[in-house]
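[1] Here is my input; please provide its structure:
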Amino acid sequence: MLQKPKKIQILKKYSDLRKYLFLVVTIAMMIVAIRVYINYVTIWESIENTRLQTLRTQDEVDFITFFYKPYQQSDYAKLFFAHENTVLQEDEFIVKFFDQKTVMSGEQDTNTSKEIKTPQETWLYFLQQKWEKVR
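    Below is the predicted model of the structure:
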């Protein structure tokens, strides 16, 4: 009877072991590949976040340099800041808006001949004042 070569006998003897070893190596390589991909994505996101933060910071610096600083150094800065803080100038006044139901029911003073009730009346009053100054 012919004997099979020793190598073939050894391969057949450990064939199940080879399958399990190949399975373990494949799973280990999959874990390594997943970790590499996660590291790649993390690095990419951190680079993108840094780039966006740099752009945001540059926009803020540009705003301060090209708009806000000249705005504060302008001749009208005092008027602008007074207007922002609700400080009235000589020719300005506070406009009160009333609900028509409140005015008709008499809860408020009915002596509202000079009070402005709507935004349109405010605009007309403003234009009339400017027109009187021009004449």
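
[2] quick one: low-confidence parts of the protein?
    Within the chain, the segments meeting pLDDT under 70 span 1-11, 99-117.

[3] one more time with 80, if that's ok
    Counting by pLDDT under 80, the chain contains low-confidence ranges at 1-15, 80, 83-89, 92-122, 135.

[4] Can you say which helix or strand has the residue nearest the centre of it in it?
    By Cα atoms, centre = their mean, the chain has its centre lying nearest to residue 56, at 9.9 Å. Residue 56 belongs to helix 15-63 when assigned by DSSP states H and E.

[5] distance of residue 47 from residue 41?
    11 Å (Cβ to Cβ, to the nearest Å). Just so you know, the C-beta spots here come from the backbone N, C-alpha and C atoms, and that holds for glycine as well.

[6] ah, wrong one, I meant residue 68
    38 Å.

[7] And for residue 25?
    25 Å.

[8] What of residue 29?
    Taken as Cβ to Cβ, the span from residue 29 to residue 41 is 19 Å.

[9] Now do the SS call for residue 93.
    Under DSSP: H, G, I helix; E, B strand; the rest coil, residue 93 falls in the coil class.
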